Each structure stands twice: as structure tokens, then as C-alpha cells.
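Novice: Please work out how this folds:
(chains A and B)
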Amino acid sequence: MKVQNNKAWWLVLPVFLLVAFSAIVPMMTVVNYSVQDIFDHSTRYFVGVDWYKQVLQDTRLHDSLLRQFIFSACVLLIEIPLGIAIALCMPTKGRMASLVLIVLAIPLLIPWNVVGTIWQIFGRADIGLLGWSLNSLGISYNYASNTSDAWVTVLIMDVWHWTSLVALLCYSGLRAIPDVYYQAARIDRASDWAVFRHIQLPKLKSVLLIAVMLRFMDSFMIYTEPFVLTGGGPGNATTFLSQTLTQMAIGQFDLGPAAAFSLVYFLIILLVSWLFYTAMTHNDKTR
Amino acid sequence: MAEIRLHNLAHSYSRAPTESADYAIREMNHVWEQGGAYALLGPSGCGKSTLLNIISGLLSPSHGEVQFDGKVVNALPPELRNIAQVFQFPVVYDTMTVFDNLAFPLRNQGMNEAKILTKVNEIAEVLELHPLLHKRARNLTADEKQKVSMGRGLVRDDVSAILFDEPLTVIDPHLKWKLRRKLKQIHEQFNITMVYVTHDQLEASTFADKIAVMYGGQIVQFGTPRELFERPSHTFVGYFIGSPGMNLIDVLPYAGGVRFNNTVLPLSAALNRRLAERPGAKLKIGIRPEFVHVWDGPNEDALCGEVVHVEDLGTYKILTLMLDGQSLKVRLQEDQPVPQQQVYLSFPAQWLMLYADDFLVEAQTPEVQP
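Specialist: Down below sits the predicted model:
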């Protein structure tokens, strides 16, 4: 088709401006830092991709990237199935239904800092209910000195904080399935498992896609809770990417490498989210 | 194979039903015989779907029994009744292929794959689903999906009755008659009891050998399409079946017959006797527009009415007239002369029905049903 004129572009302009101010301009400043070595406003050197090279070879970052992937994988592997299971068990009618909804929503309403503090106190061996109980049962538990204790605590804390989100999303997805599907399945003598596998799970797919993406992105950017709970320790055991980045940018004031790493970080999230999206919507396109 | 018998069946959705309005199904006795093609016809909200769900076991009745071949099945869940049900909106398992959809009920029974392959192919042949067998069910059109849902019922050897709950609602008009014919064929081929719920009299009469008309939670008449047309046993059947419906006029008893305003209609001696047994009943007479006799000219025995309106519907005309303050509709054949202003008409005794409290008054004591 022959283009008559380009007036339509004017209609796109407002959106373009909006995106420019909300995303492109702030990001370009980071790009700016990532390719220069800046001392003050008059002393700066263009360094090309040097910072990127440095960052990609930094073993400290490799370690926290690996830690981060393991953590996000654990989060998804626990929270998604658990969330689905909770949603399947939730009552659908009556006062119990609203009560359960409220109870599930509570963790979602608590600020990240507070969640970290709650678990920090809850897990303490001297005064925390969890820590004290475990220790008095003869199970040695100390998240401040034991690496695996710290890991498990951070993980459980995240599960406690965010599984509700998955459960609520799945619950709404389940409610949207018309009764007639269950009736047809009963007539076809489908087992509970077959109903789950062939009716519920396929109908949950779109909400699960949202749940997986949200939980991946959030867990991959986790910062506040482990920072409050363990401060990244013991050692570097629970230092995830955001915290490493913060240390680099604010602790050591290495703005160049930090900027380069920010962009790599962003691209990783973008890439993995895209992979999830493509994998989960792949089937819709095949005929 | 099953004969479905409903014994003193009633159902209410409310927990403590007190009056008859609380009942979706009012107490009824009814038999669907093995191998019959039945329609359950009635307006929206008359309890058709409730009755269907009770038969299939999706709903448990509050009173009475459902019997299959004389065995009470109230306590059996749908999966243990040998029944298939096709719903208004086609239900397919989206992620499976058409083949897997059809195989699903068989796999749930644990049938071996070789036998499943034969059965599925057999049914796909009948339903003309062969070219689609390996397509994903999600990408089918509505009528194809509905065929798949039917197929899931037909594929099972153990199914003795299929219940259809307005299965053609979402199907394009030009495909409706095709699917309906398919159903008819399947019925002849498989000797399965079929109960077809609809609110469309045309659908009911083309599909079914016998139609049960439901109204207000009751089956008010059960008969062949012809019986429903010629002798509606309830004013609702008269009104609901036929186009336009039966003419119904409120009347009062009068010496030797009934009257409305100044018009007296004599009744047979037998009817008069039966009428005398029902003092105080609300009376109506009913006559089909097709059965009103229109005289070519003035006639002493005829009643005289005024023409209000003539509607030409191509092969016939609908004449609306006023007879002593009552509006009547008369169906005129194409070749019949159309009266101008004055019309002389009479009601042939054999087609004039008398209703007391909405139920037909039979001249003879009705034969006791075996």
C-alpha cells in the first residue's frame, strides 16, 4: 500500500513523549554513565565498553547472579504450585470465602521493610518465637551465622509474603470457569486429576502467566527483605543482585560499572520474562 | 438401555419451600420409554433444565424418585448413571485434539487404546468429524464443537440416554437443520433414548416423536406433535404451540352451553354433564385459528364479526376480527376469499375445546393410562 501522508505519526507523538520521559530519558542517563568514566562535570573520559567487560568478569557479580537465579527458581517452584493448591482448596461461597480472602490478602498489605523486621525478630534464637522454639526442640537454628538457615529463612519469608498473590490470581481464574465444564467432566467420568489437568490448568493459563512473570520479576529484584533480615549475610550468602549493585553504586561509588551492570540486569529480566512469555503462549499459536 | 421413570418427583431450590411457587418442579409422574426421541418444550424458566439436571444426576431432587429401568438412582452421581448430556454451550477440552476429546470418556473408563481408536473412528464417521480429528478443539467453530460434545456422549457403549439442553442455541441458523437431521439419524441408528430440551416448537416437533410441554414446573401435556396441536390439554399448550396460538375466550356457563357477552355457544350433552360437575371453575373456550370455519356469505347459523385486520403471509392469511367484543384470529388459506368488513363464522364442535381452570374438559371420562 502506498503511503499517502505521515500525519498519523502526530497521533503517536503524545505516547512517545510520555514513554520518553518515563523510561527512555532516565535510562539514557544510565547508558551515559555506563560508557564514560566521570570524575566531575568537566573531567570525564569515554571508555566504550570497558565497564561492561569489567562487570561481566567480576566474580562477585557472577556469584550473586547465580544466587539470584537459584533464589528466583526456588521462589517460582514453591509459590506457583503452592498458590494453585491453596486456590483449589479455598471455599467459594459464604462467609468463609470472604474470611479466607482477607486472611490471604494480609501479607500483601505489609510493607517490605516490616516483613523483613517481622521475620528478623520471629527467627531470633533468643527472643523470636520461631528461633526459640526450634532451638528448644533441639534443632539448631541461627539465620545470622548459618548459611543454609539464612537461605531457608529468606525463602520462607518470600513464600509467606507472596504466595497469597499467586493464590488470589488463581482463585479469580478458577471462579471464571463456567460450571458447565465441571458438569460435562462429571458426565465424562473424569477423575479429579483429569479435571485439574484438562479443565482447570488450561483455563488458568493466562492468570498463571501473569503470576509467573510478576513473581519472577519481583523475586529477581528482591532487595529490602533480605537486607533487613540478614543484611546479605552470613558472608555473602544471601546477597542478591540488587544488594550487590547498591554496594557497588553507593558503597564504593563505582558509578560506571554500576551503570553498566544495571543495564545488564535490566536486559536479563527482560530476556527471561520474554522467554517465559513465549514458552507459555507458544501453544496458542499452533494450529 | 433405559426407561426413565420419574416418580412423585418435585424440586425446590429454596431450603424450606412452603407454597407451590417455591417449586421449580412441581410434583410429577412421568415415563420416558427406552429408545424414544422426546422433546421437552417450554418457555424460559419453566423448569426444563432443572428436570434435565435431575435426570442426569447433576442435581438431587428434593422429593420423589428417579428410576432407570425400575431401579432408583437418586443416590447415584452422574458418573455412575449411564447418561450423557449435551449442554447449551458446547463444552470441549480446549487443549486436546478432537480425537483426544472423543477418546476422553473412554480413557476415563480405562479402555485399551486399540479399542478406543476403533470407537472414536466409528463415531467420527457418523458425525463427519474425520477431517478434524487431529485439529485442536479450541480452533473449531461452534457447530463443530457441539458435534464433539455430542460425540463424547455417543462414543460410550454404556450410554443409554442422551440429554440435550438446548444444544443448538449457539449454532448458525443454516447449520441448525443439518445438525438436527444428524441427531435424528443418530437416534435411528443407535436406539438410544434422547430427551431434547428446547423452547422452539419447530425444533421440538421435527426432532421428537413425542413432546412434553412444561409450564410452571409441571408437564402439562405429553403427546405427539399432532395431539398437541389438535387437542391441547392445557390452555398454555394451545397458546404456545401453533402460530398464531389458539384463540382463548373467557366464558360463563349458560343454559345448554356457555356464553360470553351476548354470544351463546351451545355444547354437547356430554360436555354439559361434565361442566355441571365443576361449578365455580374458571371457564375458557379455545379454538385454533386454522379450525374456525368462515362462510362465504351471510348464514343464519353463523356468528357475525367485524374484520379488523388482514395479514398476508404468502401461502396463507391471518385475519383478525372482533366477535362480540372479543378479538379472534383466523387462518385463511391462499385460495379462500377474504371477507370485507363483515365476516360470518362458526366453531365446528369437534375443534371447540372447553377448559376449566386451564385444563381441558374431556367429553368422555379420560381413559385410564396403563
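Novice: Taking the stretch 151-300 of chain B, what residue is nearest to chain A?
Specialist: In the stretch 151-300 of chain B, the residue that lies nearest chain A is residue B:152 (5.9 Å; C-beta to the nearest C-beta). Every C-beta, even on glycine, is put in place using the N, C-alpha and C of the backbone.
Novice: the helices in the chain, which residues?
Specialist: This is for chain A. Residue ranges of the helices in chain A, as given by DSSP state H, are A:8-19, A:25-34, A:50-57, A:59-89, A:94-109, A:112-122, A:129-136, A:147-175, A:179-187, A:192-195, A:201-220, A:224-229, A:241-246, A:255-285.
Novice: Chain B, not that one
Specialist: B:48-56, B:98-109, B:113-127, B:142-154, B:173-190, B:201-207, B:225-230, B:235-240, B:269-276.
Novice: need these in a markdown table with mean pLDDT and mean neighbour count, can you?
Specialist: Listed next are those as a markdown table, based on pLDDT from 0 to 100; neighbours: other C-beta atoms under 10 Å in any protein chain shown:
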| stretch | mean pLDDT | mean neighbour count |
| --- | --- | --- |
| helix B:48-56 | 88 | 23 |
| helix B:98-109 | 91 | 22 |
| helix B:113-127 | 89 | 16 |
| helix B:142-154 | 88 | 23 |
| helix B:173-190 | 83 | 14 |
| helix B:201-207 | 86 | 19 |
| helix B:225-230 | 90 | 17 |
| helix B:235-240 | 90 | 23 |
| helix B:269-276 | 84 | 14 |
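Novice: near chain B, which residues of the stretch 101-250 of chain A?
Specialist: A:178, A:180-181, A:183-184, A:186-191, A:194, A:198-199, A:202-203 (C-beta under 8 Å from any C-beta of the partner chain).
Novice: let's go with 6 Å and repeat that
Specialist: Proximity of the stretch 101-250 of chain A to chain B (C-beta under 6 Å from any C-beta of the partner chain) is limited to residues A:180, A:181, A:183, A:184, A:186, A:187, A:188, A:189, A:190, A:198, A:202.
Novice: With adjacent residues omitted, what lies nearest to the first one?
Specialist: Distance criterion C-beta to C-beta, 6 or more residues apart in numbering or on different chains; nearest residue to residue A:180, sequence neighbours excluded, is residue B:87 at 4.9 Å.
Novice: Then the fourth one?
Specialist: Nearest-residue entry for residue A:184: residue B:91, 4.0 Å, with adjacent residues in sequence omitted and distances by C-beta to C-beta, 6+ apart.
Novice: OK, contacts around the residue lying closest to the residue of the stretch 151-300 of chain B closest to chain A once chain neighbours are set aside?
Specialist: Closest residue to residue B:152 apart from its sequence neighbours, by C-beta to C-beta, 6+ apart: residue B:105 at 5.4 Å. When contacts are counted by C-beta atoms under 6 Å, 6 or more residues apart in numbering or on different chains, residue B:105 touches A:188, B:152, B:156.
Novice: try residue B:357
Specialist: B:281, B:282.
Novice: mind checking how far it is from chain A?
Specialist: 38 Å (C-beta to the nearest C-beta, to the nearest Å).
Novice: Now the phi/psi pair for that residue, please.
Specialist: With angles defined as degrees, to the nearest 10, residue B:357 sits at phi 50, psi 40.
Novice: gap between it and residue B:219?
Specialist: 17 Å (C-beta to C-beta, to the nearest Å).
Novice: what do you get for residue A:135?
Specialist: For residue A:135, the distance to residue B:219 - C-beta to C-beta - is 73 Å.
Novice: So for the two, which sits in the more crowded spot?
Specialist: A direct count of neighbours by other C-beta atoms under 10 Å in any protein chain shown for residue A:135 and residue B:219 places residue B:219 higher, at 23 against 15.
Novice: give me the beta-bridge partners of the more buried one?
Specialist: The partner list for residue B:219 in beta bridges (DSSP bridges) reads residue B:214.
Novice: ok, now which ones touch it?
Specialist: Residues in contact with residue B:219 (C-beta under 6 Å, 6+ apart) are B:28, B:30, B:212.
Novice: What's the ChimeraX syntax to select whichever of these are buried?
Specialist: Here is the ChimeraX command that selects the buried residues among those (16 or more other C-beta atoms under 10 Å in any protein chain shown):
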select /B:28,212
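Novice: Can you narrow the contacts of residue B:219 down to the ones near chain A?
Specialist: Among these, proximity to chain A is found for none (C-beta under 6 Å from any C-beta).
Novice: Mind putting the contacts of residue B:219 into JSON lines with pLDDT?
Specialist: Compiled in JSON lines, the contacts of residue B:219 are given as follows (pLDDT from 0 to 100):
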{"residue": "B:28", "pLDDT": "84"}
{"residue": "B:30", "pLDDT": "86"}
{"residue": "B:212", "pLDDT": "92"}
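Novice: from the contacts of residue B:219, which is closest to residue B:203?
Specialist: residue B:212 (13.9 Å; C-beta to C-beta).
Novice: Spit out the contact partners of the closest one.
Specialist: B:40, B:219, B:222.
Novice: ok now do the last one, which residues does it touch?
Specialist: Put plainly, it is residue B:222. residue B:212 are the contacts of residue B:222 under C-beta under 6 Å, 6+ apart.
Novice: run the last query once more with 10 Å
Specialist: Contacts here follow C-beta atoms under 10 Å, 6 or more residues apart in numbering or on different chains; on that basis residue B:222 touches B:30-32, B:38, B:40, B:210-214, B:228, B:233, B:369.
Novice: Then the first one?
Specialist: Residues touching residue B:40, when contacts are defined by C-beta under 10 Å, 6+ apart, comprise B:30, B:32, B:46-49, B:51-52, B:55, B:163-166, B:195-199, B:204, B:208, B:211-214, B:219, B:222.
Novice: which residue packs closest to it, ignoring adjacent ones?
Specialist: Nearest residue to residue B:40 in three dimensions, chain neighbours excluded: residue B:197, at 4.7 Å (C-beta to C-beta, 6+ apart).
Novice: my guess is that neighbour contacts residue B:162, does it?
Specialist: No - using C-beta atoms under 10 Å, residue B:197 makes no contact with residue B:162, being 11.5 Å away.
Novice: where do the contact lists of the two overlap?
Specialist: residue B:86.
Novice: which residues of chain A score low on pLDDT?
Specialist: A:1-3, A:283-287 (pLDDT under 70).
Novice: got it, and chain B?
Specialist: Filtered on pLDDT under 70, chain B yields the residue ranges B:1, B:365-370.
Novice: Let me see the domain layout of it.
Specialist: Chain B resolves into domains spanning B:4-234, B:243-360 when parsed by automatic domain parsing.
Novice: for the closest residue to residue B:359 other than its chain neighbours, what are its contacts?
Specialist: Setting aside the residues directly before and after it, residue B:359 is nearest to residue B:234 in space (C-beta to C-beta, 6+ apart), at 5.8 Å. Contact analysis of residue B:234 by C-beta under 10 Å, 6+ apart lists B:213, B:215-216, B:218-221, B:228, B:240, B:286, B:355, B:357-360.
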